[in-house]
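**Q** just coords:
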């Protein structure tokens, strides 16, 4: 039995105006008729191998998203999912640890497959092969991450330096080191070296291994989260973590709390067609292009345009004669900017706050 | 007494998505808190000179716009306006002729000041001086047009070649000829010559003079419109023209039916800051620019942009990092295109029709 743990903590400002605080990226139908969290959950339904079933996923999410998450699972036909509610966001470390502690109550040897709710994966078959390797390594006591073969000198991702093969587990390698987001020159040298992989933020370990690693490397986090789980209350499928204890916990990523310090790290290199879908430019990359390189989604038109991403949700978005521009339109907010500046969405959100333009409910 | 006649026949596709068939340009608050037709009507309220009053305007409009027009006049505090309803649009010739015939029933010597409902005029004082000259010329039996000093070799306007001064009416000149929209080279030679003026489509004449000119140059139009007026029905302030007779009339502009053929033509040259507001680029020209040359209207943001026109009506429109782009956003349709291609709005409307995208009521 493998238990998927879906971390649905993202606030998703980078895909504004489609993504909002109340409806972040993971709840949007960005790439298909399914939302990102549904695409994610659907990857862990069919048994990995005969006898190697997936448990219903544990979803860790913000309290305010509980009904959306439940509805998303229901639409997929998933029952028995436990939805763990964070009173406040404390990053991936405390989130996955809470899930691990809950699972360990019944079965500490259970393998957890932790994944973000909002990533895209192009090659599902490759994913299943990689997870199979990771599960074997996890059962051998390792903290397993997945290393994506880099295709560009990205400065927005963390990197993993791949070491020697692990004896007896084909496809698993030691981790020489984790590296935080590098500068451009460093990223280029990583790409050229062939030894570095992107850290996709997807992990596999047993509940017991993870708890042991927190005990070693972040005992204060373990204490807080253990207290939050002990004081949690259950309500239908919802598990509400103790607010005071969880709120008192450090805000820390799993990478930083454990992975970068652990001696049990293993990486499974894989080419999954993975993307964190971190910008409208990324969605353009992932999308199906017309002859002029435009990607259109929703109710949209690209006329005599080149390399544009045009998306109309609940409204018609039309572009004429523009090149390499993103236009995303919703009924109450519209954004246009060059594709190369897709990261500058933040400037708009800042301006909206500064100027007090968010009078309409939920504009941000 | 001078009777303003406001022709409100435009369908205004060039300012889509703000302007729609159901709510064309003249009913939009494009340049101020007043709609274009209100700005227009407001120019003919204050008496031109002591004893030289304006009658309440006659508005000629499409049947379907009658309540909008009535409400627009009411908001301005104008009472007693007659609203002449065209069962179908037949261009400016039949429209102004219908008004002239209605006025002539009581007083054929009344001076009519014909104007489009959707033009912008920057210099109201200059307008009043020019109208004063035109009224004097009209009372002397002339068909008076206004010639705008051209500021660019526009190919979208008709031109008027200015002739000799009219003796006894300072500021009025004979018309050597009217010219339809010229090509670029011709327009440039006109601009260089200093003898050519833009035809702003604004006329002054007595009802009797106009009727006489139609009798001479377009007797079939006169017969049809006379019949349509004879068969008209009155309903509150609305005068509904006889549908069969009006429908049988030729579609013809006043310029083509009469002005280009008349021997009574006079032009009053003037610099009025006039614009037909025929595109989003024109609205950018007319708008107040920020330090980077952006014009923002409604709920809108232009961040690190240059030379953009950004308008959000009922929605927030945000542009980041674009140059010389128009972004116009409404809750159900959004358009982005280069300012230099503002005339290409039509391509979008054609595509919407071809693809059947106008499922939402009133998208066109």
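**A** Yep, that arrived. Quantities reported herein were computed from a predicted structural model and do not represent experimental measurements.
**Q** off-centre distance for stretch A:244-257?
**A** When C-alpha coordinates are averaged (CA atoms, centre = their mean, to the nearest Å), stretch A:244-257 and its chain have centres 17 Å apart.
**Q** ok, residues contacting that stretch?
**A** Residues from elsewhere that reach stretch A:244-257 (CB atoms under 8 Å, 6 or more residues apart in numbering or on different chains): A:86-94, A:96, A:98, A:114, A:158, A:178, A:199, A:201, A:203, A:214, A:217-218, A:220-221, A:224-225, A:227-228, A:230-231. C-betas here are computed from N, CA, C, even on glycine.
**Q** filter those to the buried ones?
**A** In these, burial by neighbour count holds for A:86-87, A:89-94, A:96, A:98, A:114, A:158, A:178, A:199, A:201, A:203, A:214, A:217-218, A:221, A:224-225, A:227-228, counting by 16 or more other CB atoms under 10 Å in any protein chain shown.
**Q** sort out for me which of these are in helices.
**A** Counted as lying in helices by DSSP state H, out of the buried ones among the contacts of stretch A:244-257, are A:92-94, A:96, A:98, A:214, A:217, A:221, A:224-225, A:227-228.
**Q** if we look at chain B, which of the residues you listed are close to it?
**A** Near chain B, taking CB under 8 Å from any CB of the partner chain as the test, no member of those is found.
**Q** and those, which is closest to residue B:258?
**A** Distance to residue B:258 across these (CB to CB) is lowest for residue A:92, with 78.3 Å.
**Q** and the nearest residue to that closest one once chain neighbours are set aside, what pLDDT?
**A** Distance criterion CB to CB, 6 or more residues apart in numbering or on different chains; nearest residue to residue A:92, sequence neighbours excluded, is residue A:254 at 4.5 Å. At residue A:254, the pLDDT value in this model is 96.
**Q** ok, how many other residues are close to residue A:254?
**A** By the measure other CB atoms under 10 Å in any protein chain shown, the count of residues near residue A:254 is 26.
**Q** please apply the same query to residue A:1.
**A** Here the number of neighbours of residue A:1 (other CB under 10 Å) works out to 13.
**Q** cool, residue A:19 as well?
**A** Other residues within reach of residue A:19, judged by other CB under 10 Å, total 24.
**Q** repeat for residue A:83
**A** Residue A:83: 23 surrounding residues under other CB under 10 Å.
**Q** from chain B, how far off is it?
**A** Between residue A:83 and chain B the distance is 33 Å, computed by CB to the nearest CB, to the nearest Å.
**Q** please name the residues that touch that residue.
**A** Residue A:83 makes contact with A:58-59, A:61, A:66, A:69-70, A:73, A:237-239, according to CB under 8 Å, 6+ apart.
**Q** next one: residue A:25
**A** If a contact means CB under 8 Å, 6+ apart, then residue A:25 has A:10, A:12, A:14-15, A:19, A:36, A:118, A:277 as its contacts.
**Q** ok, now which ones touch the residue lying closest to residue A:233 once chain neighbours are set aside?
**A** Beyond its immediate neighbours in the sequence, the residue positioned closest to residue A:233 (CB to CB, 6+ apart) is residue A:240, lying 5.0 Å away. Contacts for residue A:240 (CB under 8 Å, 6+ apart) come out as A:63, A:85, A:87, A:232-234.
**Q** pull up the distance across stretch A:147-160, start to finish.
**A** For stretch A:147-160, the first and last residues are 7 Å from each other (CA to CA, to the nearest Å).
**Q** how far does it sit from the chain's center?
**A** 15 Å.
**Q** check stretch A:289-300 too.
**A** Between the mean C-alpha point of stretch A:289-300 and the mean C-alpha point of its chain there is a distance of 26 Å (CA atoms, centre = their mean).
**Q** then stretch A:28-47?
**A** In this view, stretch A:28-47 has its centroid 12 Å away from the chain centroid, taken as CA atoms, centre = their mean.
**Q** first to last residue in it, what's the distance?
**A** Distance between the two ends of stretch A:28-47: 26 Å, counting by CA to CA.
**Q** buried stuff in that stretch?
**A** Buried positions in stretch A:28-47, judged by neighbour count with 16+ other CB under 10 Å: A:28, A:30-31, A:34-41, A:43-44.
**Q** go on, stretch A:334-346?
**A** Residues A:334-339, A:341-342, A:344-345 are the ones in stretch A:334-346 that count as buried (16+ other CB under 10 Å).
**Q** just to revisit the earlier point, tell me the one of the ones in helices among the buried ones among the contacts of stretch A:244-257 nearest residue B:136?
**A** Closest to residue B:136 out of those is residue A:92 (82.6 Å), distances taken as CB to CB.
**Q** I'd say that closest one and residue A:8 touch.
**A** No. Contact status for residue A:92 versus residue A:8: not in contact, 11.0 Å apart, counting by CB atoms under 8 Å.
**Q** between the host helix or strand of residue A:327 and strand B:325-329, how many degrees?
**A** Element membership for residue A:327 (DSSP states H and E) is strand A:325-329. Here the directions of strand A:325-329 and strand B:325-329 differ by 10 degrees (axes from the mean of the first three to the mean of the last three CA atoms, to 10 degrees).
**Q** how about the residues of the stretch 201-350 of chain A by chain B?
**A** The interface of the stretch 201-350 of chain A toward chain B, taken as CB under 8 Å from any CB, is made up of A:299, A:301, A:303-304, A:312, A:315-322, A:325, A:327, A:329-338, A:341, A:344-345, A:347-348.
**Q** out of those, which sit inside strands?
**A** With strands taken from DSSP state E, the overlap with these comprises A:299, A:301, A:303, A:312, A:315-320, A:325, A:327, A:329, A:333-338.
**Q** in the stretch 1-150 of chain A, what residue comes closest to chain B?
**A** With CB to the nearest CB as the measure, residue A:17 is the residue of the stretch 1-150 of chain A nearest to chain B, at 7.8 Å.
**Q** what about that residue, neighbour count?
**A** 24.
**Q** filter the buried residues of stretch A:28-47 by proximity to chain B?
**A** Under the cut-off given by CB under 8 Å from any CB, chain B has nothing from these close to it.
**Q** looking at these, which is nearest residue A:122?
**A** residue A:31 (9.8 Å).
**Q** show me what the residue nearest to residue A:265 when sequence neighbours are not counted is bridged to.
**A** Computed as CB to CB, 6+ apart, the closest residue to residue A:265 that is not its neighbour in sequence is residue A:175, at 3.9 Å. Here residue A:175 shows beta-bridge partners residue A:162, assigned using DSSP bridges.
**Q** so residue A:175 touches residue A:267, yeah?
**A** Yes. Using CB under 8 Å, residue A:175 is in contact with residue A:267, at 5.1 Å.
**Q** so those two - more neighbours on which side?
**A** residue A:267 (27 against 24).
**Q** mind pulling up the pLDDT for the residue nearest to residue A:62 when sequence neighbours are not counted?
**A** Using CB to CB, 6+ apart and skipping residues adjacent in sequence, the residue nearest residue A:62 is residue A:86, 5.7 Å away. According to the per-residue confidence, residue A:86 scores 97 in pLDDT.
**Q** what do you get for residue A:361?
**A** The per-residue pLDDT reported for residue A:361 equals 66.
**Q** mind listing the strands for the stretch 1-150 of chain A?
**A** In the stretch 1-150 of chain A, the strands defined using DSSP state E, counting those that start in this stretch lie at A:2-8, A:58-62, A:82-86, A:111-116, A:120-121, A:143-148.
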